[in-house]
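>>> got a predicted model here, sequence first, then my questions.
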Amino acid sequence: EVQLVESGGGLVQAGGSLRLSCAVSGFTFDDYAIGWFRQAPGKEREGVSCISNDGSTYYADSVKGRFTISSDNVKKTVDLQMNSLKPEDTAVYYCAVRRLPKSEYDYWGQGTQVTVSS
């Protein structure tokens, strides 16, 4: 069974930093991508960043230069380092995994709340 568990959310002041972690288990895809998404109240879910098994990365324009995604294949985690946080970054953050070359994500975590105060 594929499982993803997010951690690291919390409350931080604008300009501060948080590091989210996604612990992944139970999948044996040869080629995959793990992504971070977020959903704020009343808004649609949006893609934030993703990393593939070959190390290639993607960032939404809204987080470029502030967020960094990384993976640890030993620990089987994918982290999202978030710096210079803004109130508009407030959302529930989810990680998900998809088998490449599929475009749809198959498995999702339960989410972790990030709140940035002004």
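Happy to help now that I have it.
>>> okay, CA-based contacts and neighbour counts for the rest of this
Fine.
>>> tell me how many other residues crowd the closest residue in space to residue 59 that isn't next to it in sequence.
Nearest residue to residue 59, sequence neighbours excluded (CA to CA, 6 or more residues apart in numbering): residue 49, at 4.4 Å. Residues within reach of residue 49, counting by other CA atoms under 10 Å, total 22.
>>> what do you get for the one 3 residues further on?
Number of residues near residue 52 (other CA under 10 Å) recorded here: 19.
>>> show me what counts as buried in stretch 14-33.
Applying a neighbour-count criterion of 16 or more other CA atoms under 10 Å, the buried positions in stretch 14-33 are 14, 17-24, 32-33.
>>> what's near enough to touch the residue positioned nearest the centre of the chain?
The centroid of the chain falls nearest to residue 36 when counting by CA atoms, centre = their mean (2.4 Å). Contact analysis of residue 36 by CA atoms under 8 Å, 6 or more residues apart in numbering lists 47-50, 80, 93-96.
>>> closest one of those to residue 66?
Set against residue 66, the nearest of the contacts of residue 36 by CA to CA is residue 80 (10.2 Å).
>>> skip the chain neighbours and tell me the closest residue to the residue nearest to the centre of the chain.
Nearest non-adjacent residue to residue 36, counting by CA to CA, 6+ apart: residue 95, 4.5 Å away.
>>> is the closest residue to residue 106 other than its chain neighbours bridged to anything, and to what?
Nearest residue to residue 106 in three dimensions, chain neighbours excluded: residue 98, at 5.3 Å (CA to CA, 6+ apart). Beta-bridge pairing of residue 98 under DSSP bridges involves residue 33.
>>> then residue 19?
Beta-bridge partners of residue 19, as defined by DSSP bridges: residue 81.
>>> quick one, grab the pLDDT at it.
pLDDT, residue 19: 98.
>>> can I assume it is in contact with residue 78?
No: the pair residue 19 / residue 78 is not scored as a contact, 10.4 Å apart, by CA atoms under 8 Å.
>>> if we can go back for a sec, tell me which element the residue nearest to the centre of the chain falls in.
Using DSSP states H and E, the element containing residue 36 is strand 32-39.
>>> how about the helices in this protein?
Assigned helices in the chain: none (criterion: DSSP state H).
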